[in-house]
Structures are given as structure tokens and as C-alpha cells.
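A.B. asks: here is my input; please provide its structure:
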Amino acid sequence: MTESFESLISGIDLKRLPRHVAMIMDGNGRWAKTRGLPRSAGHSEGVATVRRVTEFSSDLGIKYLTLYAFSTENWNRPQQEVDTLMYLIGWAIEKELPDLLRNNVRIHLIGDIQRIPEEARNKLLNCAAATSHCTGLQLSMCLSYSSRWEITRAASLIAKDALNGNLSPDEISEEVFNSYLHTAQTENIPDVDLLIRTGGEVRISNFLLWQLAYAELFFSPLLWPEFSKADYAEAIRDFQNRERRFGKTGDQVNQQSSMSDT
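C.D. replies: I've put the predicted structure just below:
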């Protein structure tokens, strides 16, 4: 039986939701292998999980969701698997467009998109354009992306502006550097509050290194196709049970919380 939304959100404080959730979707290939299926079957099944987490994020009222769909390192996988992934990405985004529009979800593309094959790239760009007016969940797809690529790109853009006299080295601050990142240039996407990684691996894998500076990390042993709305809800409840201090003491955080409640 499918759990009701009310049952899923039991124990979640809807006033303290993470503003920005990021996910490393790991385990598609292993899910398929344990079932004697080709890796492509795992990627196909993983599309259903993307639909689940997007729908649940939108229903909850989470503002930003960022999914690590394809890394720059993934280009090194067997060509057949890369081709399958590119086809699935284009097919899935086109298939989901009516639902995305109906649910007021806006698509953003983050990464070296020009490396994506033309057919898939055009479908992605068309979807981003078609949803550009949507004001609900902001869904960012990281494709042909790595954080080192993003940070190197930002440094290069800053250097060019400095050489052209548009920026003084003395003006470079955290805020200025952040403004050159792809996430900021896309939609001024805020830092990540909660990172969820499936698949049992406990690492960040070159994903949003700058934006994850103060994120809470949640690692699930489940493979991505197994990750349900209930598992997502569990991660959010775990997030809400943590004390986020941002370098301050617990007493300072409690005092600030008490003042904001009065």
C-alpha cells in the first residue's frame, strides 16, 4: 500500500525544512547487477526515483533540489553506457515535461552542457526554456559537472575580468567568488542545507564542494532505485534533529532560537 502524504511527513517540522537539498544518486548499476540485469536497466529504474524525490520535494515545499545526474568523470565509463545515459536523460526530461509544468517546477542545467550530445542537449535546453516561468521547486540537474571544473571555471572568469580591468584583486571576496560559480550564475542558488547520498558510499565525489561547506550530510545504504519517499522523509527528520552551529557555540544557537521565537 502506498503511504499517504500525511503519514510520510509525520514527525517533520514543515517550518524547519532544508531550503536546498542536494542528492548524489548512486547505485543504479549495482542495483541492476544484483538482479542479473544490464546496467542500463538500473539507470532506467533510477528515473522513477528521480520522479519520486522531485514530487515529494515539491509537495513538501522545498525550494531547491539539485541532482548529480552525470559527472565529468562519468565520461570515462564504457561508451555504450554513456550513450545509454545520454539517451535516457533526453528521453526522461522530455517525458516529464508536462508533469513539471503542471507542478510548477523549473529546470536548471548546471555543468559543461556543450559536451552533451546534440539531441539530448536540445531536449534539456527546451525543457529549461519551457519551465523558465515556473516559480515552485527549482530543480537543478548537474550534467557533465564536477566541482573542480566549476571552481576552475570561476577562477578563469575572475582572472579575465581582472585582466580586462572590470575587477580589482582587492575586490575578490567570498561573495564575489561565489557569484562566478555556475550555481549562482544560473539562478543564484543558495548553499546546500542537506546532502543525501545513496548507495552506501561515504564521500562527496567532487560535487558542489563550495556549496556544501556547511551542509548536513546523510548517507543511505540503499541503492538509488530503492530510495523511497519514506527514506527521503527519514533523511529530513534526521536533518531536523541536528544542531547547525555555523561555527558558533550551542548556547549561542539556542539563545538566537529563543529570541526568534519571541
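
A.B. asks: and the strands in the protein?
C.D. replies: Ranges of strands in the chain, per DSSP state E, are 20-24, 64-71, 106-110, 138-145, 194-197, 216-219.

A.B. asks: just send the ones you listed back as CSV, with distance to A159 too.
C.D. replies: Yep, even glycine has a C-beta here, placed from its N, CA and C like the rest. Shown next, in CSV, are these (distance: least, Cβ to Cβ, whole Å):
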stretch, distance to A159
strand 20-24, 28
strand 64-71, 25
strand 106-110, 21
strand 138-145, 21
strand 194-197, 30
strand 216-219, 32
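
A.B. asks: for E119, find the nearest of the ones you listed.
C.D. replies: When the strands of the chain are compared by Cβ to Cβ, strand 138-145 sits nearest E119, at 13.9 Å.

A.B. asks: okay, angle between that closest one and strand 106-110 too, please.
C.D. replies: For strand 138-145 against strand 106-110, the angle by axes from the mean of the first three to the mean of the last three Cα atoms, to 10 degrees is 20 degrees.

A.B. asks: quick one: strands adjacent to strand 138-145?
C.D. replies: Strands that pair with strand 138-145, judged by DSSP bridges, come out as strand 64-71 (parallel), strand 106-110 (parallel).

A.B. asks: tell me the pLDDT of the nearest residue to V82 once chain neighbours are set aside.
C.D. replies: Distances taken as Cβ to Cβ, 6 or more residues apart in numbering put W75 closest to V82, at 6.5 Å, once the chain neighbours are dropped. pLDDT, W75: 96.

A.B. asks: give me the distance between the nearest residue to M23 once chain neighbours are set aside and S57.
C.D. replies: The shortest distance from M23 to any non-neighbouring residue, by Cβ to Cβ, 6+ apart, is to I196 (4.8 Å). Distance of I196 to S57, given as Cβ to Cβ, to the nearest Å: 11 Å.

A.B. asks: which of these two has more neighbours?
C.D. replies: More neighbours surround S57 than the other of I196 and S57, with 26 against 23 (other Cβ atoms under 10 Å).

A.B. asks: which residue, neighbours along the chain excluded, lies closest to the more buried one?
C.D. replies: Leaving aside its chain neighbours, S57 sits nearest to L65 (4.6 Å; criterion: Cβ to Cβ, 6+ apart).

A.B. asks: residues contacting the one you found?
C.D. replies: 20-23, 53-54, 57, 137-140 (Cβ atoms under 8 Å, 6 or more residues apart in numbering).

A.B. asks: next: T66.
C.D. replies: 20-23, 110, 139-140, 142, 183, 189, 192, 208.

A.B. asks: re the thing from before, top of the contacts of L65 by neighbour count?
C.D. replies: M23 (28 neighbours).

A.B. asks: do you know how far that residue is from S220?
C.D. replies: M23 is 10 Å from S220, by Cβ to Cβ.

A.B. asks: before we move on, what about I24?
C.D. replies: 10 Å.

A.B. asks: next one: L163
C.D. replies: Distance of L163 to S220, given as Cβ to Cβ: 45 Å.

A.B. asks: got it, and Q240?
C.D. replies: Q240 sits 17 Å away from S220 when distances are taken as Cβ to Cβ.

A.B. asks: ok so, going back, a markdown table please, covering the strands of the chain and showing distance to V47 and mean pLDDT.
C.D. replies: Formatted as a markdown table, the strands of the chain follow (distance: least, Cβ to Cβ, whole Å; pLDDT from 0 to 100):
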| stretch | distance to V47 | mean pLDDT |
| --- | --- | --- |
| strand 20-24 | 14 | 98 |
| strand 64-71 | 10 | 97 |
| strand 106-110 | 15 | 96 |
| strand 138-145 | 12 | 97 |
| strand 194-197 | 17 | 98 |
| strand 216-219 | 22 | 98 |
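
A.B. asks: between the ones you listed, which gets nearest to P117?
C.D. replies: Among the strands of the chain, the nearest to P117 by Cβ to Cβ is strand 138-145 (10.5 Å).

A.B. asks: cheers, nothing more for now.
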